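**Q** Next come a sequence and a model predicted from it.
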Amino acid sequence: MNWQEQQKLEDFLYLEASLLDDPDLERWITLFTEDGTYWMPAMENQQDPINTISHFYDDRVMMEIRRRNFSHPRAASKEAGVNCSHVLGNIRAQGEDERGDTVVSANFHVVMWYRDEQRVYAGRYIYRLVEHKNSYLIRQKKVELSNPEAPQQSIIIYL
């Protein structure tokens, strides 16, 4: 991968992080393919999102439901407000999968301020990206928490 392709990947992932920081879930969802999924396993090395418990395994329909719930005028998120900071690092292209999607990994730290409490999440993202109009769309975003089996407080926004 040349430096221009690497820069294009990084720019896309930084855009996604900034939309989650805002949070602008309406624009964020448009970064996904129609068959896109967001998966946060509940166990280390979890291979199957269907037959095992996950913190999240959302398709576009579920993402849209969560977006509407999050932005609803009477939502708890409106009452308390959510502030996030996503920091990405070590962004690396891992090659292509069997479908020809570009597989990318990135380390992350997310600090969330919600209801007068700071929460910190860390781990690794694994993306499966499809090239689209000189950028990308996300076919799958897998969020591998550094402590997936630990009890998690309510996660009010996508990480």
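**A** Sure, I can see it. Numbering: from 1, shown residues only.

**Q** Let's test this: name the helix or strand in the protein with the lowest mean pLDDT.
**A** Among the helices and strands of the chain, helix 76-80 carries the lowest confidence by mean pLDDT, DSSP states H and E, at a mean of 56.

**Q** Just after that helix, pick out the following helix or strand.
**A** Reading on from helix 76-80 to the C-terminus, the next helix or strand found by DSSP states H and E is strand 82-96.

**Q** does R124 have beta-bridge partners, and which?
**A** Using DSSP bridges, the bridge partners assigned to R124 are N107, E144.

**Q** ok, it touching A106?
**A** Yes: with contact defined as C-beta atoms under 8 Å, R124 counts as touching A106 (7.0 Å). Placement of C-beta: from N, CA and C, glycine included.

**Q** Which one of these two is surrounded by more residues?
**A** Between R124 and A106, counting by other C-beta atoms under 10 Å, A106 is the more crowded of the two (20 against 14).

**Q** Can you give me the buried ones in stretch 27-42?
**A** Of the residues in stretch 27-42, W28, I29, L31, F32, T33, G36, T37, Y38, W39, M40, P41, A42 count as buried by neighbour count, 16 or more other C-beta atoms under 10 Å.

**Q** ok, how many other residues are close to E5?
**A** For E5, the count of nearby residues is 11 (other C-beta under 10 Å).

**Q** Show the residue spans covered by the helices in the protein.
**A** Ranges of helices in the chain, per DSSP state H, are 3-21, 25-29, 60-71, 76-80.

**Q** Out of the ones you listed, which is closest to L137?
**A** Closest to L137 of the helices of the chain is helix 3-21 (C-beta to C-beta; 9.1 Å).

**Q** For Q46, which non-adjacent residue is closest in space?
**A** Excluding the flanking residues, the one nearest Q46 by C-beta to C-beta, 6 or more residues apart in numbering is T52, at 5.8 Å.
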